[in-house]
Structure formats: structure tokens, C-alpha cells
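Asks: return atomic coordinates for the entry below.
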Amino acid sequence: MINFNFPYITGKEHEYINDAINVGHISGNGKYTKLCQSYLKNKFGFKKCLLTTSCTDALEMAALLLDIKTGDEIIIPSFTFVSTALAFVRQGAKIVFVDSRQDHPGIDESKIEKFITSKTKAIVVVHYAGVACDMDKIIEIANKYKLFIVEDAAQAIDSYYNGKPLGSLGHLSCFSFHETKNIQCGEGGMLVINDEQFANRAEIIWEKGTNRAAFFRGEIDKYGWVDIGSSFLPSEICAAFLYAQVENMEVIQNKRKWIWNYYDSALRSKLDSKGVKIPVIPDYATNNGHMYYIVCSSTEERQSLIEYMKSEKIFCVFHYQSLHKSSYNLKTSSLIDLPHSDYYAERLVRLPFYFSLNETVLNEIILKLLKFYK
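Replies: This next block holds a predicted model:
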């Protein structure tokens, strides 16, 4: 079976994990946590970085930092993973779903403003497949209505908007280091704080509502419970694994972009004539080689394609289901019409994508895919 995903190991993970064990501090916020945070902060020019156990945790920290309360409204795309909504629902917020663009699964920036009310607190954008939303439009809307912007950049490490790193444009931004992501440690994430007003409190929330981090820096003589929070920081074992990945980021990214281009050059012209849609990269965005997807002409075609590829021992997947149609959301909300979100939910297929794919395997995947469409 050609798997959909296979996590890449650089070869340094065991060495760094052993070093973390030998250092004798493996509970978190130690040597490798600091190395990862410093590396990513400096590489992308982020104001402050805090590693978390997942992107979901980073989103939950963002909801806490924004003081989201019952009655607040949060704008998000419907075509996204449940964590984007869940973090704010847990704080009592009402989620206001916006449709995808016609040419891309990301949020339709032109439709955001009509959903803003006096209760709107934040816009959460999702850079789907690592491709940037039109952030100038979103920033203009947020400034006009004095709203916060949270970037769900789970798939968007090392991707850019008009030359600016994704994750650097929102007040807060959230990344994933899940094993399906470009840079991974099995399960992991990161909160980026770009607005100074949140910097100190973020660290307290991250450390279970205590000022423990300030204590270990020698800034105070004792630490205690000063705010709400939780145990959001990962262990040094995870951080050590992650550091082996981030210091090898250029190699990883070059290979993943090569895979993306290999798929694209082989499929774009051939599938376009079959009514199959291929990824769109706007002029303002870059491609970080996170995934390669195609969009079938119908749900039935997608199901037949997935079954056919599986019979040929090639594992393709689909995601997401439109959140506005989820059984959970329909308990409290009326069904609304978001046709483009549904379009992608019903037709999108992700092809196998991981670092160790080579020409032989890629040619096999491409051959079988094109055979299906003949």
C-alpha cells in the first residue's frame, strides 16, 4: 500500500531526545522548547512563540487571551477542521460560518463583512493547504470594525503572503506539528503572539495560570496562581524531536515543493480537460508543499476514484465536512446555504504526500490516477 502519509525522520531525533533525557529536564519549557521557539521566532520574525501540545491547544489559548465569552460571535470558514470552531465554542461563543471562495477552499474574503455585528469579536482565517487568504482585505475589515484576527496556520509553516510569513499577520496565530504536517513531532503545535498586549498573559495561561516562567527567569522570588490557564506546554521529549525537524526545515521544504511541482506538471493539463479542478495559488500567496489535492466533478466520482485507487494499493483521502452542516452545529443553529464549502466537502481528494516519495512511486500514483480518468 502506498500510504497517504508517512512521517519523515531526519536522523537527529533520537540524539536530541537522549540529550534531553541526559540534561535531566524533560517536563517542558526546557532546553529544546527554548531552542525551537527561538529558531522559529528568528526565522519568521514572530514577536513571541510558545510551543503547545497541539494546534487545538494553541487555538484554545487564543480564545482565552481574547477573553471570549458567552454571546461573542466569531467568524470562521465552514470548510475547516473542527478545532478552529471548538476552541471558541468552549468559551461560549457563537460561531458564524462563512463560505469558501469559488476558486479555492479558503474563506471568501468578500463575504466576511456582511456577517459582522456588534457582537463580533474576531475573525479566524484558515490558510488552507498552506495557501494564504487575502490578508490585506481581512486586515482592512478587522481594522474598520476593531476586530481581532487569529490565523489558523496549521498547514501553513514557511508559507508567505506578499513576502510576509503566514502567522505574522494576525494578532495571534496557531500552527500544527501533527505528523501529517511539513514539520512534525507526532502531536504538537505553537501559539504565535504578534500583539504585545497578549505577551505576558499568554505565558501565564501556558503555565497553568501561574507566573512560573517569570520565576525561573529570576524576575520574581516566588510564583503562584494568578490567572486562568491549563497545561498547554509539551514535554522536552516532543520538543527535542521537533528541533531535529525545524533545523532541517529547508531540506524538508525543498523536497515537499519538488513533490508538489511533480504532481502539478504531470496532472494539471491532463485533468483540466476532464473537468477536474487543480489547486490555485493566487499571485499574493506562495506554495509551501503541504498537500496536493484535486476536486472531482461529483461526490460519486470522488468515491469511485478513492475506491479505485485503494484497489490499486494507493491510499487517497478526503476532508473536511462543512461544519455548518455538522450535527453539533444544527442542534442550536438553522441550516444555511454555503455552496462552495459544500462543493469542496463533497468533491475534494488529497493525494499521497510525504517526504520519502520518489519518482518511481509518484509515477505509479499519477499513472493510476490518469488511468481512472481514461
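Asks: need the outlier residue of this protein, farthest from its centre.
Replies: Most distant residue from the mean C-alpha position of the chain: residue 221, 38.2 Å away (CA atoms, centre = their mean).
Asks: what's the nearest residue to that one if we skip its chain neighbours?
Replies: Of all residues not flanking residue 221 in the chain, residue 215 sits nearest, at 7.8 Å (CB to CB, 6 or more residues apart in numbering). No exception for glycine: its C-beta is placed from N, CA and C like everyone else's.
Asks: wait, residue 285 sits on residue 160?
Replies: Yes: with contact defined as CB atoms under 8 Å, residue 285 counts as touching residue 160 (7.3 Å).
Asks: who touches both of those two?
Replies: residue 132 (CB atoms under 8 Å, 6 or more residues apart in numbering).
Asks: on that earlier part again, and the residue farthest from the centre of the chain, its phi and psi?
Replies: phi -90, psi -10 (degrees, to the nearest 10).
Asks: gap between the helix ranked longest in the chain and the chain center?
Replies: Ranked by residue count under DSSP state H, the longest helix found in the chain is helix 249-272. Relative to the mean C-alpha coordinate of its chain, helix 249-272 is positioned 20 Å out (CA atoms, centre = their mean, to the nearest Å).
Asks: strands of the stretch 51-200 of the chain, start to end?
Replies: Under the criterion DSSP state E, counting those that start in this stretch, the stretch 51-200 of the chain contains strands at 73-77, 94-98, 120-126, 148-152, 160-161, 164-165, 172-176, 189-193.
Asks: which helix or strand in the protein has the lowest average pLDDT?
Replies: Least confident element among the helices and strands of the chain, by mean pLDDT, DSSP states H and E: helix 212-216 (a mean of 84).
Asks: and it, which residues are buried?
Replies: Across helix 212-216, burial judged by 16 or more other CB atoms under 10 Å covers 212, 213, 214.
Asks: leaving out the residues flanking it, which one is nearest to the last one?
Replies: Beyond its immediate neighbours in the sequence, the residue positioned closest to residue 214 (CB to CB, 6+ apart) is residue 220, lying 5.2 Å away.
Asks: which phi and psi does the one you found have?
Replies: phi -140, psi 160.
Asks: where's it relative to residue 231, distance?
Replies: Residue 220 sits 20 Å away from residue 231, going by CB to CB, to the nearest Å.
Asks: follow-up on the earlier one: what is the nearest of the buried residues of helix 212-216 to residue 123?
Replies: Nearest to residue 123 among the buried residues of helix 212-216 is residue 213, at 29.5 Å by CB to CB.
Asks: now the residue nearest to residue 221: how far from residue 228?
Replies: For residue 215 relative to residue 228 (CB to CB), the value is 18 Å.
Asks: residue 266 now?
Replies: 51 Å.
Asks: these two: which has the busier surroundings?
Replies: residue 266 (17 against 12; other CB atoms under 10 Å).
Asks: dump the residue contacts of residue 281.
Replies: 131, 287.
Asks: quick one: it is in a helix?
Replies: No: secondary structure of residue 281 (DSSP: H, G, I helix; E, B strand; the rest coil): coil, not part of a helix.
Asks: so how far is residue 357 from it?
Replies: From residue 281 to residue 357 the distance is 20 Å (CB to CB).
Asks: nearest residue to residue 356 other than its sequence neighbours?
Replies: residue 6 (6.1 Å).
Asks: residue 187 against residue 54, yeah?
Replies: Yes: using CB under 8 Å, residue 187 makes contact with residue 54 at a distance of 5.7 Å.
Asks: common neighbours of those two, please.
Replies: Counting by CB under 8 Å, 6+ apart, the residues touching both residue 187 and residue 54 are residue 178.
Asks: the more surrounded of the two?
Replies: Between residue 187 and residue 54, counted using other CB under 10 Å, residue 54 has the larger neighbour count: 20 against 17.
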